[in-house]
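S.K.: next one to model:
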Amino acid sequence: MPTVFAQQAGTFAVVGNTVVSALMMFLGSSDKVYIIDKVEGNPTQINGHSAFASVWDLNTRTATPIDAQTNPFCAAGMHLPNGSFAVFGGNTAVGPGGNDSDPGSTTAYDPKYGDYDGTRAIRIITSCEGSVTAPPCSWYDAPNGLQMAKHRWYPGAEALPNGTVVLIGGFTAGGYINRFLPNVDPVYENGSAEPTYELFPPSSQTPQVMQFMVKTSGLNAYALTYLMPSGKMFVQANFSTILWDYNANVETPLPDMPGQVIRVYPASGANAMLPLTPRNGYNPTILFCGGQVMDDNAWGSYGYPNVDTWTVAASADCHRITPEPTDGSAPAYVQDDNLPVGRTMGQFIALPDGTLLLLNGGQYGTAGYATMTGTTPSLAQMPYGPSLAAGPVFQPVIYNPNAPAGSRWSSAGLGNSTVPRLYHSTALLLPDGSIMVAGSNPNPDVNTTTVFPTTYTAEYFYPPYFSASTRPVPKNVPTTLSYGGNPFDITVPPSSYTGNSDNAAGNTTVWLIRPGFTTHAMNMGQRSMQLNNTYTVQSDGTITVHTAQLPPYPNIFQPGPALLFVTINGIPSNGTFVTVGNGQIGTQPTAPASVLPASVRSQDGTGSGSGSGSNGSGKKNGAAASIPHSVAGSILVSFLAVALTLALS
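M.R.: Numbering: from 1, shown residues only. You can find the predicted model right below:
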């Protein structure tokens, strides 16, 4: 990776062709991004059939097809403790047009596209540096291999503190939303809905019905899930919200989404956990922005919506909620700053300066595609082809969670993309701090001539910190992190920054970010955490960053892969690929919270980096400052007490 910013801050750059349209992506190692498409007629062939998976090399900016066998269309994905990723479920086998109507085609196998039923499939992708074909750089995907107990299309997924993955709900067969009208069977929808949950690796318990999935029937595809400090899970779908004890299958109602704004697919509002920091006690707050508001009948059923969705403006509403308040108050949604422009399919990306980037999506409509609606009877009459959305939003915006209310959104200095990114678009944080943006395919099969075509173009977006000519180049960054235990020292040479050394040290933060598994305007498993730190400044300008391990509670940052960034004055280093935890599924070892030495300043140290080394303000862009270890310790003790109380309640 480059050691200096050579690109223009705030701009998009076209960087290549992904070979398959990027319906899903994840960062598998420091130099590889894995890309997964739905099964369709991609022109690239592999082993006698159209490719629907590839791997992107960050060094060469080229994609290589890799073989896959089961249809991963609208699957879920999640990291595993050893750094591998698992992809769960998908669609039945399909041929041209996304169906099985050709001679010899069945829902189990299609001879034209050579794909097998993926609705119960579990695919494991183990990445590594360098080769993408030789073990252990492997993709496991077998038609009769690992399988879930239930068929799941659009399932929710979340990692648990021991590395197990819980899988929630989904469809058993395709459709726009998972209900029929009239909705006389909200539990199973005559066999088309799957209201149960299960674990991977599987437990001895058979899948149990989750009543929340019955209550939210119709608008609960890709239920939004976040593990909480107590060990319970925050779950949001339709306009309902719960805290869920997945061990006992007990649901505690939380307030409804204000205004009944729908955030789950196909409304597809942006959602993310705000950065976890020492100052907020590592207590999660969830942010929701955009999505769609339509009356219940307008949403239609499995076949299509009852209205012309591309005429309905997307919501600009934003709300945040802290599901487990530490002050004893009841959880409540709080109005946040509205989006500058309403969006459906907008996507949040956690940045290594403590802010969130929002990009992609449209101003009108919903995710999904169809050949008709309740008011437009044929595809020929639909103005945007099969797309149910319109008005692509080309300019990203940045959300600063620590800015005063009314000033949290900014588009200053941010340019526009030229590529519409609507349904089936993806975005992912890369190790150099840029964002890979790819996909967009609101079509049942490859279509490169329609209004919003099947898209193979990949872009990189360069956030504002790329304006700096000097970036930190930390040394001695570990590749494994633990839950509590002895702190570690990172060395930052004076060439990594400009200006006064004491000021630079005081504006240094260490960020641990899991980019997640991106699909359908979500990054499943994405989390951002600031590790506590103090510092010692040498007279020659060298800064030793004394850095705490993660707090000793795996609930708040589950075991598995992540990127570690050292950020000075809002400018991040390249991220180091690290493994959190012991790399195994099971109870994670913990130790007492790290105790940091007091900070030591120097009166005469100066950075020797050339040119500008700040984001323009000389201060961190939204990041919480490092705090003394004594304060951090009291926060963590308080946090543990509250978490324990919640866990026992």
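
S.K.: list the contacts for Ile543?
M.R.: Ile543 makes contacts with 491-492, 494, 496, 501, 504-505, 508, 535-537, 605, as judged by CB atoms under 8 Å, 6 or more residues apart in numbering. From N, CA and C alone the C-beta is placed, and that goes for glycine too.

S.K.: er, Asn582 I mean
M.R.: 81, 559, 588-589.

S.K.: any idea how far Arg320 is from Asn338?
M.R.: Distance, Arg320 to Asn338, by CB to CB, to the nearest Å: 12 Å.

S.K.: Tyr265 too?
M.R.: 22 Å.

S.K.: where in this structure is the helix or strand with the lowest mean pLDDT?
M.R.: helix 629-648 (a mean of 40; mean pLDDT, DSSP states H and E).

S.K.: the stretch 51-200 of the chain: strands as residue ranges?
M.R.: All strands of the stretch 51-200 of the chain, identified by DSSP state E, counting those that start in this stretch, fall at 53-57, 62-65, 76-79, 85-88, 109-110, 115-116, 122-126, 138-140, 156-159, 165-168, 196-200.

S.K.: isn't Ser378 up against Thr371?
M.R.: Yes - applying CB atoms under 8 Å, one finds Ser378 in contact with Thr371, separated by 7.4 Å.

S.K.: these two: who's more crowded?
M.R.: Neighbour tally, Ser378 and Thr371, criterion other CB atoms under 10 Å: the higher count belongs to Thr371, 16 against 9.

S.K.: contacts only, for that one.
M.R.: With CB under 8 Å, 6+ apart, Thr371 has these contacts: 304, 378-379, 382, 386, 444.

S.K.: one step back: who's more crowded, Tyr265 and Asn338?
M.R.: Tyr265 (29 against 15).

S.K.: can you report phi and psi for the more buried one?
M.R.: phi -60, psi 140 (degrees, to the nearest 10).

S.K.: any idea what it is bridged to?
M.R.: With DSSP bridges as the criterion, Tyr265 is bridged to Ala221.

S.K.: and the closest residue to Ile349 other than its chain neighbours, bridged to which residues?
M.R.: Leaving aside its sequence neighbours, Ile349 sits nearest to Leu357 (CB to CB, 6 or more residues apart in numbering; 4.4 Å). Beta-bridge pairing of Leu357 under DSSP bridges involves Ile349, Ile398.

S.K.: and Leu357, how many neighbours does it have?
M.R.: Leu357: 21 neighbours (other CB under 10 Å).

S.K.: contact partners for it?
M.R.: So Leu357 contacts 348-349, 351, 396-399, 435, 461, 463 (CB under 8 Å, 6+ apart).

S.K.: and which of those is nearest Ser240?
M.R.: Phe348 (21.4 Å; CB to CB).

S.K.: tell me who's in contact with that closest one.
M.R.: 270-272, 287, 289, 356-358, 399, 523, 526.

S.K.: most neighbours of all the residues you listed, which one?
M.R.: Among those, the one with the most neighbours (other CB under 10 Å) is Cys289, at 29 neighbours.

S.K.: that one: what's its closest spatial neighbour, skipping adjacent residues?
M.R.: Using CB to CB, 6+ apart, the nearest residue to Cys289 is Cys318, at 4.1 Å.

S.K.: what separates the one you found from Phe461, distance-wise?
M.R.: Counting by CB to CB - Cys318 and Phe461 are separated by 21 Å.

S.K.: now do the residue nearest to Ile349 against Phe466, distance only.
M.R.: Taking CB to CB as the measure, Leu357 falls 12 Å from Phe466.

S.K.: nearest to Asn190 among the contacts of Phe348?
M.R.: Nearest to Asn190 among those, with distances taken as CB to CB, is Asn271, at 30.2 Å.

S.K.: show me what that closest one bridges to in the sheet.
M.R.: Following DSSP bridges, Asn271 is listed with bridge partners Phe288.

S.K.: could you check the pLDDT of it?
M.R.: At Asn271, the pLDDT value in this model is 98.

S.K.: so it touches Met522, yeah?
M.R.: Yes - judged on CB under 8 Å, Asn271 makes contact with Met522 at a distance of 7.1 Å.

S.K.: distance between the ends of stretch 596-606?
M.R.: Distance between the boundary residues of stretch 596-606 (CA to CA, to the nearest Å) amounts to 24 Å.

S.K.: just the mean pLDDT for stretch 102-112, thanks.
M.R.: 94.

S.K.: do stretch 453-467 as well
M.R.: Across stretch 453-467, pLDDT averages out at 98.

S.K.: one step back: among the contacts of Thr371, the buried ones, what's the ChimeraX command?
M.R.: A single ChimeraX command selects the buried members of the contacts of Thr371 (16 or more other CB atoms under 10 Å):
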select :304,382,386,444
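
S.K.: need the max-distance pair from the contacts of Thr371.
M.R.: Ser378 and Pro444 (14.8 Å).

S.K.: tell me what the spatially most central residue of the chain is bridged to.
M.R.: Nearest to the mean C-alpha position of the chain, by CA atoms, centre = their mean, lies Asn523 at 1.3 Å. Residues in a beta bridge with Asn523, per DSSP bridges, are Thr518.

S.K.: contacting residues around it?
M.R.: Asn523 neighbours (CB under 8 Å, 6+ apart): 272, 347-349, 427-428, 515-517.

S.K.: name the helices or strands packed onto the helix or strand hosting Trp511?
M.R.: Here Trp511, judged by DSSP states H and E, is contained in strand 508-514. Packing partners of strand 508-514 (3 or more CB pairs under 8 Å, 6 or more residues apart in numbering; DSSP states H and E): strand 527-531, strand 533-537, strand 543-547, strand 560-568.

S.K.: the last one pairs with which strands?
M.R.: It refers to strand 560-568. Going by DSSP bridges, the partners of strand 560-568 are strand 508-514 (antiparallel), strand 571-572 (antiparallel), strand 576-580 (antiparallel).

S.K.: most tightly surrounded among these?
M.R.: Greatest average neighbour count among those goes to strand 571-572 (a mean of 28), per mean count of other CB atoms under 10 Å.

S.K.: avg pLDDT for that strand?
M.R.: 98.

S.K.: from now on call the first residue 780
M.R.: Done: numbering now begins at 780, and the last item shifts to strand 1350-1351.

S.K.: which helix or strand contains Asp1281?
M.R.: Applying DSSP H and E, one finds Asp1281 within helix 1280-1285.

S.K.: so what sits against both of Asn1050 and Met1301?
M.R.: Leu1003.

S.K.: what is the burial count for Pro1183?
M.R.: Neighbours of Pro1183 (other CB under 10 Å): 8.

S.K.: repeat that for Ala1377.
M.R.: 11.

S.K.: same question, Ser983
M.R.: When neighbours are counted by other CB under 10 Å, Ser983 registers 5.

S.K.: sorry, back to before: how about the contacts of Asn1361 in a markdown table, adding pLDDT?
M.R.: A markdown table is the format used below for the contacts of Asn1361 (pLDDT from 0 to 100):
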| residue | pLDDT |
| --- | --- |
| Pro860 | 98 |
| Pro1338 | 98 |
| Gln1367 | 98 |
| Pro1368 | 98 |
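
S.K.: among those, name the buried ones.
M.R.: Buried, going by 16+ other CB under 10 Å: 860, 1338, 1367, out of these.

S.K.: ok, now which ones touch the first one?
M.R.: If a contact means CB under 8 Å, 6+ apart, then Pro860 has 942, 1338-1339, 1358, 1360-1364 as its contacts.

S.K.: now flag whichever of these is closest to Tyr1001.
M.R.: Gly1339 (20.2 Å).

S.K.: pretty sure the closest one is touching Ala865, no?
M.R.: No - counting by CB under 8 Å, Gly1339 does not reach Ala865; the two are 10.8 Å apart.

S.K.: part of a strand, is Pro1210?
M.R.: No - if the criterion is DSSP: H, G, I helix; E, B strand; the rest coil, then Pro1210 is coil and not within a strand.

S.K.: and the closest residue to Ser906 other than its chain neighbours, what are its phi and psi?
M.R.: Once flanking residues are discounted, Ser906 sits nearest to Gly807: 2.8 Å by CB to CB, 6+ apart. In this entry, Gly807 is assigned phi and psi values of phi -90, psi -20 (degrees, to the nearest 10).
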